[in-house]
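K.L.:
coords please:
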Amino acid sequence: MRQFSVDEALDSYYRELEPEDGEAAPAPDPFTESLVRGTAERIDQLDEVVGRHSEHWRMERMPIVDRNILRMAAYEMSNLATPAAVVIDEALELARRFSGDESVSFVNGVLDAIRRTQEETGAAPEPPEPAS
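P.N.:
From the prediction side, this is the model:
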């Protein structure tokens, strides 16, 4: 929402994890870095994929939290080795925690549609490489 760069957002995230009692901060997580950077690099392609699977909803009309959950989940299902069922379950937990009950149903429906497309085509629902 505040248009941080990916590096600024990750730095802020890791700073929030630092304990106040002087203990060492947790090491950066390669999976988190991959998920965040990959999603940010392919945001236009992910928006197209999510938009195709969210009937009657334009991306700009979706709540920003829902939109970002959908982007990350679509990226993870398309580009990382995480099973779709696990991705969807984690996305629903994020929607429950940071959005509302209606969002949980919406996120579930969109991600299930993306999952079905993957299964029907035997391939990830594009996002192609980011534009140069």
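
K.L.:
count of residues packed around residue 84?
P.N.:
Using other C-beta atoms under 10 Å, residue 84 has 18 neighbouring residues. Glycine gets a C-beta too; all of them are placed from N, C-alpha and C.

K.L.:
can I assume it is in contact with residue 118?
P.N.:
Yes. Judged on C-beta atoms under 8 Å, residue 84 makes contact with residue 118 at a distance of 6.7 Å.

K.L.:
Overlap in contacts, the two.
P.N.:
Residues touching both residue 84 and residue 118 (C-beta atoms under 8 Å, 6 or more residues apart in numbering) are residue 77.

K.L.:
I'd like to know which elements whichever strand or helix holds residue 118 is packed against.
P.N.:
Using DSSP states H and E, residue 118 sits within helix 101-121. With contacts taken as 3 or more C-beta pairs under 8 Å, 6 or more residues apart in numbering; DSSP states H and E, helix 101-121 sits against helix 43-53, helix 64-79, helix 84-98.

K.L.:
do you know which of these lies nearest residue 4?
P.N.:
helix 64-79 (12.5 Å; C-beta to C-beta).

K.L.:
From the chain's centroid, how far away is that closest one?
P.N.:
Here helix 64-79 is found 2 Å from its chain centre; the criterion is C-alpha atoms, centre = their mean, to the nearest Å.

K.L.:
Stretch 104-121 now?
P.N.:
With C-alpha atoms, centre = their mean as the basis, stretch 104-121 stands 13 Å off its chain's centre.

K.L.:
Flag every buried residue along that stretch.
P.N.:
Within stretch 104-121, the residues that count as buried by 16 or more other C-beta atoms under 10 Å are 104, 106, 107, 110, 111, 113, 114, 115, 117.

K.L.:
of all these, which comes closest to residue 50?
P.N.:
Nearest to residue 50 out of the buried residues of stretch 104-121 is residue 110 (C-beta to C-beta; 6.3 Å).

K.L.:
Got the phi and psi for the residue lying closest to that closest one once chain neighbours are set aside?
P.N.:
Nearest residue to residue 110 in three dimensions, chain neighbours excluded: residue 54, at 4.7 Å (C-beta to C-beta, 6 or more residues apart in numbering). The phi and psi values for residue 54, taken as degrees, to the nearest 10, are phi -110, psi 90.
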